[in-house]
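Student: Got a sequence here, can you model it:
(one chain, ligands or ions: 1)
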Amino acid sequence: MSFANIGLSAELLRAVADQGYTTPTPVQQKAIPAILQGRDILAGAQTGTGKTAGFTLPLLQRLNERAQGKGHRPVRALVLTPTRELAAQVEESVRVYGKHLPLRSAAIFGGVKINPQIERLRQGVDILVATPGRLLDHVGQATLELLKVEILVLDEADRMLDMGFIHDIRRILALLPAGRQNLLFSATYNSEIRLLAAKLLNNPEQIEVAARNTAAERVAQQVYLVDRERKRELLSHLVISGSWQQVLVFTRTKHGANRLAQQLERDGIGAAAIHGNKSQAARTRALADFKQGAVRVLVATDIAARGLDIDQLPHVVNFELPNVPEDYVHRIGRTGRAGREGEAVSLVCIDEHALLRDIERVLQREIAKGSVAGFEPDPAIAAEPIQHRRNAMGGARRAGSGRLGARGSMTESAPAGGSGRRIGAAPGRRPAAVQNGNQKAPPETIPVHGRPAQQQRVATQRKATPSRRRERPSLFGNRG
Ligand code: AMP
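Tutor: Numbers count the residues shown, from 1 in each chain. Alright, predicted model coming up:
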């Protein structure tokens, strides 16, 4: 199937061609015609499958077909997303795909001033992309009215539920008119999503694209064993010698992200850090600089990196391994997107061998290991415990309670990429690595290698099961 015969108008086809897309992705092939027909959608599709264009293109077409008269423009399509970044990216897509149409869009999310958003809404917006908390703030201030919404999209619904947005979503649903079209996109499936879908959707077209998220299969992975003190040097060497132009680097902590970005700058490599302590403006700027090639390296913490859509990202580097194996899968999923090749490199020191084993157990495969000439690890260096701080930024203990802090804001303490089940008080489990360099709480030191073997096995089993579920998600269970 080509875009030409999928039912889109000339203006939208032109926008698609401007983007260089030739063939609709599988989710687009299924979603676009169904949405154009006015059907509700339940789609099991992850980031990277082209889902955003899958709902944005037909949504734009439907709104444009039913032109509005003159006067105030009410919100006619509402897209809810879990994070600020995703809201900004979806709205950017709306603008890109709708650039030849006379429709107006806006993104509203927390962490930034509300007044410019109020002004934007006052001027009239056809398509509103929002995080739930800030949306409700606007409703509370009577600066937004949702009675004319014709199409509702819940994007990354599973993450919204993971982040504790279910009550906000229910409140928002109660504000919308009946008889609208509902589109629900979710990467994973659980009873909560099923319940939400049953309440929300009317005879939905069920779409499930082939499991794409075998990041472990798509992405070339390599471990470089290196001493902990030489990681930064090795990273600079890899970037420079490999002429890497766009590298996303993961650190475990916000403080570590800042420090590494500064050190890379001193090595003459343009770098910026992105994490939850940065203002929204700083994060947006860092991401824009990175996308435009103004900085070569973006250093991010796991949570800040969630939902980032960066085209053709060729290199992901784990400067430090994540404490939770699922985060490794999320991290490497940032490369090799939309069918492109990618490479994920992990710099692993002696302290991290147990983490590496946990990751390999979850992946159910070994990752190629080696060292770079001149950076071979010194066998005389002994392992040291990895430090954790419990409850930093409201960390592990509060994470299960959903979003924290400002409404609609992305919280550093939300369970990374997951349902919160990782952050329980299961015996023998390491707390999630939620650290904050500004925290005054004393660090809690947990010897990674010091766990009894029995506990280690329990911890690994608990972690491995949900991860495999997330790797091969199905919204519809075993449909044969
Ligand atoms: P998404 O899953 O919406 O995050 O999209 C993932 C990436 O795929 C984005 O960078 C899009 O620009 C890109 N994309 C979307 N549709 C297509 C297409 N039909 N052909 C090629 N790339 C696409």
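Student: only C-alpha atoms for contact and neighbour calcs from this point on.
Tutor: Noted.
Student: Need phi/psi at V324.
Tutor: Torsion angles at V324 (phi, psi; degrees, to the nearest 10) stand at phi -120, psi 120.
Student: Same question for the one 5 residues further on.
Tutor: Here the main-chain torsion angles of V329 (degrees, to the nearest 10) amount to phi -60, psi -40.
Student: Distance check, it against the ligand.
Tutor: Distance of V329 to the ligand, computed by C-alpha to the nearest ligand atom, to the nearest Å: 16 Å.
Student: swap in A282?
Tutor: 22 Å.
Student: Can you check the pLDDT for the residue nearest to that residue when sequence neighbours are not counted?
Tutor: Nearest residue to A282, sequence neighbours excluded (C-alpha to C-alpha, 6 or more residues apart in numbering): I274, at 7.9 Å. If you check I274, the pLDDT there is 87.
Student: Next, give phi and psi for I274.
Tutor: In terms of degrees, to the nearest 10, the main-chain angles of I274 are phi -130, psi 120.
Student: who's in contact with it?
Tutor: Listed by C-alpha atoms under 8 Å, 6 or more residues apart in numbering, the contact partners of I274 are 257, 282-283, 286-287, 298-301, 304-305.
Student: Look up which residues are beta-bridged to it.
Tutor: A300 (DSSP bridges).
Student: and the contacts of I274 as JSON lines, adding pLDDT?
Tutor: Below are those laid out as JSON lines (pLDDT from 0 to 100):
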{"residue": "A257", "pLDDT": "93"}
{"residue": "A282", "pLDDT": "82"}
{"residue": "R283", "pLDDT": "81"}
{"residue": "A286", "pLDDT": "86"}
{"residue": "L287", "pLDDT": "85"}
{"residue": "L298", "pLDDT": "94"}
{"residue": "V299", "pLDDT": "95"}
{"residue": "A300", "pLDDT": "91"}
{"residue": "T301", "pLDDT": "88"}
{"residue": "A304", "pLDDT": "75"}
{"residue": "A305", "pLDDT": "75"}
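Student: so how many other residues sit close to L8?
Tutor: 20 (other C-alpha atoms under 10 Å).
Student: Need phi/psi at it.
Tutor: Torsion angles, degrees, to the nearest 10, at L8: phi -90, psi 150.
Student: hang on, it packs against Q61?
Tutor: Yes. Using C-alpha atoms under 8 Å, L8 is in contact with Q61, at 7.0 Å.
Student: Show me where the stretch 1-150 of the chain dips below the pLDDT cut-off.
Tutor: Counting by pLDDT under 70, the stretch 1-150 of the chain contains no low-confidence segment.
Student: 90 instead?
Tutor: 1, 21-22, 44-49, 66-73, 85 (pLDDT under 90).
Student: which bits of it sit near the ligand?
Tutor: Residues of the stretch 1-150 of the chain found near the ligand (C-alpha under 6 Å from any ligand atom) are 21, 23-25, 47-53.
Student: okay, V324: pLDDT?
Tutor: For V324, pLDDT reads 85.
Student: Tell me how far it lies from V362.
Tutor: Using C-alpha to C-alpha, to the nearest Å, V324 is found at 10 Å from V362.
Student: gap between V149 and Q364?
Tutor: Distance from V149 to Q364, by C-alpha to C-alpha: 46 Å.
Student: and the two? which has more neighbours close in?
Tutor: Taking neighbours as other C-alpha under 10 Å, V149 and Q364 compare with V149 leading, 22 against 12.
Student: Help me confirm that the more buried one is found in a strand?
Tutor: No. Per DSSP: H, G, I helix; E, B strand; the rest coil, V149 lies outside any strand segment and is coil.
Student: For it, which non-adjacent residue is spatially closest?
Tutor: R76 is the one closest to V149 (C-alpha to C-alpha, 6+ apart), at 4.1 Å.
Student: For A107, pull up the helix or strand it's in.
Tutor: For A107, the host element (DSSP states H and E) is strand 105-108.
Student: Please disregard the earlier target; I meant V345.
Tutor: strand 342-348.
Student: Now do the same contact list for A130.
Tutor: Contact analysis of A130 by C-alpha under 8 Å, 6+ apart lists 78-81, 84, 87, 107-109.
Student: Tell me who's in contact with the residue of the stretch 101-250 of the chain found nearest the ligand.
Tutor: Residue nearest to the ligand within the stretch 101-250 of the chain (C-alpha to the nearest ligand atom): D155, separated by 10.0 Å. By C-alpha under 8 Å, 6+ apart, the contact list for D155 reads 79-82, 184-186.
Student: Done for today, thanks.
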